[in-house]
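A.B. asks: The amino acid sequence is not available; the structure is as follows:
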C-alpha cells in the first residue's frame with residue numbers, strides 16, 4: 001500500500017489526530033490532480049444537468065381528431081391547405097431557421113420522413129420566420145431553401161410568418 005493511501009486511511013481512522021499531516025512532493029501533486037479532476041467533474045455535471053432536465057420535459061403533441069382549417073404557402077410558391085391534405089396522415093413540425101434547436105429538430109424530421117414516407121405519411125416543416133424585411137427574424141424563401149438543403153431536409157417547407165396556423169394548433173413554443 002502506498003504511503004499516501006496509508007496516511008489517508010490513518011487520518012480517517014483518527015490515528016493521526018493531533019499530529020501534523022505532511023505530504024511528500026509527489027503526493028501533493030497527486031492531491032492537486034485529484035482536486036482538479038473533481039472540479040472538472042463538478043463543472044461537467046453543472047453543465048449537463050440542465051440539458052438532461054430540458055430533454056426530459058414532455059413535448060406537446062397535438063392529435064387533432066377534427067382537422068384544423070389552414071392554408072400555408074410553400075417556399076416554392078404552392079399553397080398547401082387542410083382541404084388538399086384530406087385523407088393523408090400529416091406531420092407538421094413547426095420551427096424557425098434562427099433557432100439552434102430547430103437544426104437538431106431537422107435531423108429528426110428527416111429521419112421521420114425517410115422512415116414513414118413509403119407508408120403514406122406526409123411530413124412538412126413549417127417555418128415561423130418572418131417575411132417582413134425589417135423584422136429581426138426575417139428569412140426569404142431562398143434563405144429557407146438554402147437552410148433546408150444545408151441540413152439535408154427532404155420535406156416541403158411551408159411558411160407561417162404571422163404564427164396564425166401555429167396558434168390554431170396550440171403551438172406555444174418552438175424547439
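C.D. replies: Ah, there it is. In this text the structure is predicted, and so the values were computed from the model without any measurement.
A.B. asks: show me where pLDDT drops low in the protein?
C.D. replies: For the chain, the stretches with pLDDT under 70 are 1-26, 28-67, 175.
A.B. asks: Tell me if residue 104 really is in a strand.
C.D. replies: No. Note on residue 104: no strand contains this position according to DSSP: H, G, I helix; E, B strand; the rest coil, which reports helix.
A.B. asks: how long is stretch 149-163 end to end?
C.D. replies: The separation between the terminal residues of stretch 149-163, taken as C-alpha to C-alpha, to the nearest Å, is 23 Å.
A.B. asks: try stretch 68-86
C.D. replies: Taking C-alpha to C-alpha, the span from the opening residue of stretch 68-86 to its closing residue is 11 Å.
A.B. asks: who's in contact with that stretch?
C.D. replies: 67, 122, 124, 126-127, 141, 144-145, 148, 156-160, 164-165, 168-169 (C-beta atoms under 8 Å, 6 or more residues apart in numbering). For the C-beta atoms, the positions are set from N, CA and C on the backbone; glycine is no exception.
A.B. asks: again, only using 7 Å
C.D. replies: With contacts defined as C-beta atoms under 7 Å, 6 or more residues apart in numbering, stretch 68-86 is touched by 67, 122, 126, 141, 144-145, 156-160, 165, 168-169.
A.B. asks: So which of those are in strands?
C.D. replies: Among these, the members falling in strands (DSSP state E) are 122, 126, 156-159.
A.B. asks: Kindly reformat those residues as TSV containing distance to residue 73 and neighbour count.
C.D. replies: Below are these laid out as TSV (distance: C-beta to C-beta, whole Å; neighbours: other C-beta atoms under 10 Å):
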residue	distance to residue 73	neighbour count
122	17	16
126	11	21
156	11	18
157	10	21
158	7	24
159	5	19
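A.B. asks: thinking again about what came up before, now for the contacts of stretch 68-86: which two are most distant?
C.D. replies: Using C-beta to C-beta, those reach their maximum pairwise distance at 67 and 145, which is 28.1 Å.
A.B. asks: quick one, strands of this structure?
C.D. replies: For the chain, the strands defined by DSSP E occupy 71-74, 79-81, 89-95, 121-127, 156-159.
A.B. asks: domain assignment for the chain?
C.D. replies: Under the assignment automatic domain parsing, the domains of the chain span 3-56, 71-168.
A.B. asks: Number of residues surrounding residue 87?
C.D. replies: Residue 87: 6 surrounding residues under other C-beta atoms under 10 Å.
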